[in-house]
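A.B. asks: would you be able to build a 3D model of this:
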Amino acid sequence: MKETFAQIAKEAKADDTLVVTLIGHGTFDGVEYKFNLPGPDVTAKELSMWMLPVPAKRQLIVNTTSASGGSLADLRQDGRTVITATKSGTEKLSTVFPRYWLEALRDPQADADKNDVLSALEAYRYAESKTTKYYETNKRLATEHPLIADTASAQGYRTPDATKGEAMVAMRMPVLVFGNLQNAARTP
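C.D. replies: Coordinates of the predicted model:
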């Protein structure tokens, strides 16, 4: 994984957008978050350090794992938006948030302002809303509470308020292009 980020750092340009999505299992021991892999697990600190040399000014990490909230403090940085499926490292059960994050990438309805560009904030709001409804509809105690942070100082917001300047970077970060813009991007 470290080698992959080194290669990305060599090839990326400042005007690129880097999107890293972690799907699987995560753990938190009260001090350190780890993304579970075959072999040595990757800590949030390691991941953050590997991303530092990448010149892309817009960076997005979507950590959909259990205990992902435990990674937020280490991953936050100016110019980087971090989305977690859980509010802390102590929410350790399997998450449904990844299902709805992926659904947001396929569903044009996630593009709330209908400008044919799905922003990180729009995808987050779609997935967070669907996650909340999942627990309500199934009459289950919510075991995950997604958060979004897009500055080094943001502690993470469950429902960011743009009038307070929350998630303004995420609002302008494109994740996907739909409709006519998507067709235009495919045509030279």
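
A.B. asks: longest helix of the chain?
C.D. replies: In the chain, assigned by DSSP state H, the helix with the most residues is helix 120-137.

A.B. asks: give the other helices and strands that that one contacts.
C.D. replies: The helices and strands touching helix 120-137, judged by 3 or more C-beta pairs under 8 Å, 6 or more residues apart in numbering; DSSP states H and E, are strand 80-84, helix 97-106, strand 147-149, helix 168-171, strand 174-177. Using the backbone N, CA and C atoms, a C-beta is placed for each residue, glycine as well.

A.B. asks: please name every helix or strand in contact with the last one.
C.D. replies: Secondary-structure packing of strand 174-177 (3+ C-beta pairs under 8 Å, 6+ apart): strand 117-119, helix 120-137.

A.B. asks: name the residues of the longest one that are buried.
C.D. replies: Using 16 or more other C-beta atoms under 10 Å as the test for burial, helix 120-137 gives 120-128, 130-132, 134.

A.B. asks: so the residue nearest the centre of the chain: helix, strand or coil?
C.D. replies: Central residue of the chain (C-alpha atoms, centre = their mean): V62, 2.1 Å from the mean position. In three-state terms, and counting by DSSP: H, G, I helix; E, B strand; the rest coil, V62 is strand.

A.B. asks: surely it and S68 touch.
C.D. replies: No. When contacts are counted by C-beta atoms under 8 Å, V62 is not listed as touching S68 (9.1 Å).

A.B. asks: identify the contacts common to those two.
C.D. replies: By C-beta atoms under 8 Å, 6 or more residues apart in numbering, V62 and S68 have these common neighbours: L22.

A.B. asks: list the contacts of the closest residue to T86 other than its chain neighbours.
C.D. replies: The spatial neighbour of T86 that comes closest, neighbours along the chain excluded (C-beta to C-beta, 6 or more residues apart in numbering), is G69 at 4.1 Å. Shown in contact with G69 (C-beta under 8 Å, 6+ apart): F28, T84, A85, T86, K87, S88, G89, T90, E91, H145, L147, G156.

A.B. asks: one more time with 7 Å
C.D. replies: By C-beta atoms under 7 Å, 6 or more residues apart in numbering, G69 lies in contact with T84, T86, K87, S88, G89, E91, L147.

A.B. asks: touching, the second one and E144? I think so.
C.D. replies: So that's T86. Yes. Counting by C-beta atoms under 7 Å, E144 is a contact partner of T86 at 4.8 Å.

A.B. asks: lowest-confidence stretch among the helices and strands packed on helix 120-137?
C.D. replies: Lowest mean pLDDT within the helices and strands packed on helix 120-137: helix 168-171, at a mean of 87.
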